[in-house]
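Enquirer: Just need the structure, nothing else, for what follows:
(one chain, ligands or ions: 1)
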Amino acid sequence: MRFLFSGTACPVFLLYLFRICLGNEQSTERRFALFLSLLWKSQKIVMKIDDIRKEYKKGRLLQCAVAPGPEPLFEQWLEEAVGAGITEPTAMVLATVSEEGYPSARTVLLKEFKDGKFIFFTNYESRKGIQLAHNAHVAITFPWYQQERQVQVEGVAVKLSETESEAYFNSRPYESRIAAVVSSQSRPIKSRRELLKKFAEAKIRYRESVPEKPIYWGGYAVTPVRVEFWQGGEHRLHDRILYTLQPDGKWKRERLAP
Ligand SMILES: Cc1cc2nc3c(=O)[nH]c(=O)nc-3n(C[C@H](O)[C@H](O)[C@H](O)COP(=O)(O)O)c2cc1C
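Expert: A predicted model of the protein is given here:
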């Protein structure tokens, strides 16, 4: 329905409503009133999102059935998300905090889960990169809605070594490497045309060589201190299992109220 009020569909839909009203053998005032009431009713259909309701029935999460640490369950859920063929199963929402204390969040892709650390790549001079330089504390959410699951991570982000970042950079498709070279991520640009021009020029420049990883581009590894697994349950009685890292390096495991 929302489609009817967007872009080119909108005038077509309004004309259609007008036609319905014109077909009516009534006074101009009545026809106009009918048009307005039809428009109002369709708007109400668009706005009625509070009726969207779904019971979560896909699984159970038992505290006794999960390992003492969060890694095995995260690996299992990641594998299941990938196996289910959902869109961007490795997408995670990464939240950072500005110097002024304002949080901001955006999607990045998990590129590796290694030794319990969450690895992603980005531009170190981007908005998130600048925020991470001031405050390395992050929150990450994996929104696996199709599985009625969510994993929330809190931890500390540390830059990967140049060698590790280079290894990943060199594994990326040629065009993606060029794009990383020409994009000053998060900075204002004049136009898309200007960006495409820079991209085309760089492609010519790198015709006979390989684009090297720019110094401002690389990876971060997030070491978690808190990991929470959420599995949707019937009647909103969801399962929440929380792992918290203790000073002795062991994980504390507990169930939270939904
Ligand atoms: C599905 C998806 C995957 C993305 N993956 C990445 C990524 O791996 N690295 C990245 O820097 N930006 C990625 N982005 C773009 C970011 O969401 C964001 O626009 C960009 O990093 C700039 O963010 P910032 O201005 O807050 O630094 C992705 C966006 C989407 C929607």
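
Enquirer: residues in the stretch 151-258 of the chain within reach of the ligand, list them.
Expert: Gln185, Ser186 (Cβ under 6 Å from any ligand atom). Heads up, the C-betas are built off the backbone N, CA and C, glycines and all.

Enquirer: where along the stretch 151-258 of the chain do the helices fall?
Expert: Remark: helices assigned in the stretch 151-258 of the chain by DSSP state H, counting those that start in this stretch are 162-171, 174-182, 192-205.

Enquirer: got it, and the stretch 1-150 of the chain?
Expert: So, for the stretch 1-150 of the chain - with DSSP H, counting those that start in this stretch - the helices run 9-22, 28-47, 71-83, 127-134.

Enquirer: helices and strands around the third one, which ones?
Expert: It stands for helix 71-83. Helices and strands touching helix 71-83, by 3 or more Cβ pairs under 8 Å, 6 or more residues apart in numbering; DSSP states H and E, are strand 112-114, strand 137-144, strand 149-159, strand 217-231.

Enquirer: how far away is Lys54 from Pro103?
Expert: According to Cβ to Cβ, to the nearest Å, Lys54 and Pro103 sit 28 Å apart.

Enquirer: who's more crowded, these two?
Expert: More neighbours surround Pro103 than the other of Lys54 and Pro103, with 11 against 8 (other Cβ atoms under 10 Å).

Enquirer: Might you report the residue contacts of that one?
Expert: By Cβ atoms under 8 Å, 6 or more residues apart in numbering, the contact list for Pro103 reads Ala95, Thr96, Val97, Ala139.

Enquirer: Looking at neighbours, which among those is most surrounded?
Expert: For those, the largest neighbour count, defined by other Cβ under 10 Å, is 22 neighbours, found at Thr96.

Enquirer: If that residue is in a bridge, with which residues?
Expert: Here Thr96 sits in beta bridges with Ser104, as judged by DSSP bridges.

Enquirer: I figured it was touching Ile140, is that so?
Expert: No. Here Thr96 lies out of contact with Ile140, judged by Cβ atoms under 8 Å, at a distance of 10.2 Å.

Enquirer: Look up the closest residue to the residue nearest the centre of the chain, ignoring the ones flanking it.
Expert: Central residue of the chain (Cα atoms, centre = their mean): Thr107, 3.4 Å from the mean position. Computed as Cβ to Cβ, 6 or more residues apart in numbering, the closest residue to Thr107 that is not its neighbour in sequence is Ala91, at 5.2 Å.

Enquirer: excluding its backbone neighbours, what's nearest Tyr220?
Expert: Using Cβ to Cβ, 6+ apart, the closest residue to Tyr220 is Ala157 (4.3 Å).

Enquirer: how about the one you found, what does it touch?
Expert: Residues counted as contacts of Ala157 (Cβ under 8 Å, 6+ apart) are Leu132, Ala136, His137, Val138, Tyr220, Ala221, Val222.

Enquirer: Any regions of this protein where pLDDT drops low?
Expert: For the chain, the stretches with pLDDT under 70 are 1-26, 42-47.

Enquirer: can you list the domains in it?
Expert: 2-47, 63-255 (automatic domain parsing).

Enquirer: Report the distance from the last one to the chain centre.
Expert: What it means is domain 63-255. In terms of Cα atoms, centre = their mean, to the nearest Å, the centre of domain 63-255 is set 10 Å apart from its chain centre.

Enquirer: could we number from 24 for the rest of this?
Expert: Sure, I'll start counting at 24 from here, so that last one is domain 86-278.

Enquirer: Check the separation of the first and last residues in it.
Expert: 7 Å (Cα to Cα, to the nearest Å).

Enquirer: Quickly note the distance from Glu103 to Thr113.
Expert: As for Glu103, its distance to Thr113 is 13 Å (criterion: Cβ to Cβ).

Enquirer: Now do Glu185 against Lys226, distance only.
Expert: Distance from Glu185 to Lys226, counting by Cβ to Cβ: 25 Å.

Enquirer: try Asp74
Expert: Counting by Cβ to Cβ - Asp74 and Lys226 are separated by 50 Å.
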